[in-house]
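1. what's the 3D shape of this:
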Amino acid sequence: MSSAGDSSMSFGVSSQRSTVTILKVLLFLDFFSVACVVTLFQSYFAKTGIEASRFAIMSSTYMIAQLVGGLMGGVIADAVSKRTVLLLSFLTSAASYLLIYVGSESKSFVLLLASRILVGLFKQTYTVCTLVITEIEKEHAATSLGHLSALMTAAFIVGPVVGSFLYKTNTALPCIVAATVFVLNAVCALAFLPSHLGMPSESTSSSPTTTTPAILNNDDHEAKEKKKSKVSALSFNSKINELMTNFAYFASLPNVGRLLALRLLLMAAESAVSSRHIISYNEKRYGLETYQLGFLSSFTSVVSIAGDAIILPIVLLRLNAMNDATLVIMLIFATSIFYFIENFSTNLYFTLVSSSLPLSFISSVLGAKLKTIQLVALPKGTAGKFLGVFSLLSTGIGIASPLYAGVMYTKIDGVKFKPLVAGSHVLLVGLFALLFPLTSQAGNGEKDNKNEDEINTPEEILKQAKESEGKKEK
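-> Numbers count the residues shown, from 1 in each chain. Model prediction:
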């Protein structure tokens, strides 16, 4: 009897491990397919003769769709299953990438817009795979997430090179190959993944003696479905309320509020003036052929990864004695200077050495230092809540920045003045950091400037909000 139980448990563990392996393979192929096309997006859009303002609308619409899809992803997964969400993600991605090519050839803005909305709403591959893998490998979650990050990095090194070769052969091939891989992913998910991904629920893991009716009464079934949809709607609303409550809490903490504002302003400055908002920027400024964009993307990725792995730890160790807040200000001003240097060059190789690679490295150091300050500044146990608030606000910036860029680059020559504009925007963020400096005080010390009673925790604020809502209902 015991041997039968051991064999059943062993089979279960083996099955879960094979699920994790399959998900990792599917995720790598998904990233690879995206990487084959993503560096060539602008080239496909350029064929339509699209204006900067329309391109901005398309980019913002994609971000809005992604926000809606992200918020509703959990609700959809509860309503159907995680495997169904994966299948939907793969198949809509395939359709979206085919629409990119068809839309560019037919010069149809509507088809191109539809392709971005489709993939924004339904592409939840990374979210679902991460959720399932961390559910299965709870004890080794950090290692598994590291594997996923490595897979993504590898895909975005190999993918652009393959995409460039395909584009040089035939401009339709990157989209066709990517769509084909997405469809194959869907077939593999359907064939090899269990219908219910993740750890078994309490209902499925109950004792064999527990029996359930083979056929449910139709009224009972409808009642359960209504209750389920009501719970989903309530959980969605509670998520929004919780995020808003957490934002109010973090904004009320002086150092955390400044940290949040600085990170968002820095992201907004660099995102709004990015060359990705300028159609055919590298081709027009540096005379590159379209197929060379993938090679350039892979090269800069490899150099950046090598710099982060080899040089970054040494530099951070040397700068450890310096005050973090002072170093952040210096790095922001250095970023501005390197953007200004880029403005004086139209030679790709000189720009890479004198500006692009230094900017990439400074960005890594700056990101590491801001995270260090964040760890010190945040009160205990609030890191996850802070990340949720930051993620939502980052999406808001992702929606607004293309529109801002669209307006700006219709008034000035983006190809000629983009580095100068970028440097000026980052310089303004540097002035903000100078006027409202961060401190290195610990999170528990945030209450030094206010009475303990004046700053409530997110839980206390949420409780108060629920109590007030209850009173209104009464």
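
2. how about the strands in the stretch 51-200 of the chain?
-> Read by DSSP state E, counting those that start in this stretch, the stretch 51-200 of the chain holds no strands at all.

3. in it, which spans are helices?
-> 52-79, 82-105, 109-122, 125-136, 141-169, 173-192 (DSSP state H, counting those that start in this stretch).

4. now do the stretch 351-474 of the chain
-> For the stretch 351-474 of the chain, helices defined by DSSP H, counting those that start in this stretch occupy the ranges 357-377, 383-411, 414-435, 458-473.

5. Under the pLDDT cut-off, which ranges of the chain? List them.
-> By pLDDT under 70, the weakly predicted segments of the chain are 1-14, 73-79, 197-236, 440-474.

6. Can you spell out the domain ranges of it, please?
-> 14-192, 237-465 (automatic domain parsing).

7. Any chance of these in JSON lines with mean neighbour count as columns?
-> For the C-beta atoms, the positions are set from N, CA and C on the backbone; glycine is no exception. JSON lines is the format used below for these (neighbours: other CB atoms under 10 Å):
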{"stretch": "domain 14-192", "mean neighbour count": "19"}
{"stretch": "domain 237-465", "mean neighbour count": "17"}
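
8. end to end, how far does stretch 340-348 reach?
-> 15 Å (CA to CA, to the nearest Å).

9. How far does that stretch sit from its chain's centre?
-> 30 Å (CA atoms, centre = their mean, to the nearest Å).

10. Could you check how far the residue lying closest to residue 64 once chain neighbours are set aside is from residue 179?
-> Excluding its sequence neighbours, the residue lying closest to residue 64 (CB to CB, 6 or more residues apart in numbering) is residue 399, at 5.6 Å. Using CB to CB, to the nearest Å, one gets 27 Å for the distance from residue 399 to residue 179.

11. Likewise for residue 150?
-> According to CB to CB, residue 150 and residue 179 sit 25 Å apart.

12. go on, residue 371?
-> Per CB to CB, residue 371 is found 37 Å from residue 179.

13. Can you check which of the helices of the stretch 351-474 of the chain gets nearest to residue 319?
-> Of all the helices of the stretch 351-474 of the chain, it is helix 357-377 that lies closest to residue 319, at 7.6 Å by CB to CB.

14. what's that closest one packed up against?
-> When contacts are defined as 3 or more CB pairs under 8 Å, 6 or more residues apart in numbering; DSSP states H and E, helix 357-377 packs onto helix 254-272, helix 292-306, helix 312-318, helix 324-342, helix 383-411.

15. Next secondary structure element downstream of the first one?
-> Pointing back at helix 254-272 there. Proceeding C-terminally, helix 254-272 gives way to helix 281-286 as the next helix or strand, assigned by DSSP states H and E.

16. Could you export that following helix as CSV, CA atoms only?
-> Once non-C-alpha atoms are left out, helix 281-286 reads as follows in CSV (Å, rounded to 0.1, in the frame of the first residue of the first chain):
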residue,chain,number,x,y,z
TYR,A,281,15.6,56.8,-36.5
ASN,A,282,18.7,54.7,-36.9
GLU,A,283,18.3,54.4,-40.7
LYS,A,284,18.0,58.1,-41.1
ARG,A,285,20.6,59.3,-38.6
TYR,A,286,23.3,56.7,-39.1
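
17. 37 is where my numbering starts, stick with that
-> Okay, using 37 as the starting number, the last item reads as helix 317-322.

18. Just the residues contacting it, thanks.
-> Applying CB atoms under 8 Å, 6 or more residues apart in numbering, the external contacts of helix 317-322 come out as 78-79, 311, 324-326, 329, 332, 382-384, 387, 450-452, 454.

19. what distance separates that helix from the centre of its chain?
-> With CA atoms, centre = their mean, you get 27 Å for helix 317-322.

20. which residues does the closest residue to residue 85 other than its chain neighbours contact?
-> Excluding its sequence neighbours, the residue lying closest to residue 85 (CB to CB, 6+ apart) is residue 143, at 7.0 Å. The neighbourhood of residue 143, defined by CB under 8 Å, 6+ apart, consists of 83-85.

21. And the residue nearest to residue 100, how far from residue 474?
-> Distance, residue 435 to residue 474, by CB to CB: 27 Å.

22. now residue 309
-> 24 Å.

23. shouldn't residue 372 be in contact with residue 459?
-> Yes. Assessed by CB atoms under 8 Å, residue 372 is found in contact with residue 459 at 4.8 Å.

24. quick revisit: which one of the helices of the stretch 387-510 of the chain lies closest to residue 131?
-> Distance to residue 131, taken as CB to CB, is lowest for helix 419-447 among the helices of the stretch 387-510 of the chain, at 22.9 Å.

25. Centre of the chain to stretch 181-194, how far?
-> Here stretch 181-194 is found 14 Å from its chain centre; the criterion is CA atoms, centre = their mean.

26. Also stretch 278-288?
-> Distance of stretch 278-288 from its chain centroid, counting by CA atoms, centre = their mean, is 21 Å.

27. wait, which of the helices of the stretch 387-510 of the chain is closest to residue 147?
-> Shortest separation from residue 147 across the helices of the stretch 387-510 of the chain is recorded for helix 419-447, at 19.0 Å, computed as CB to CB.
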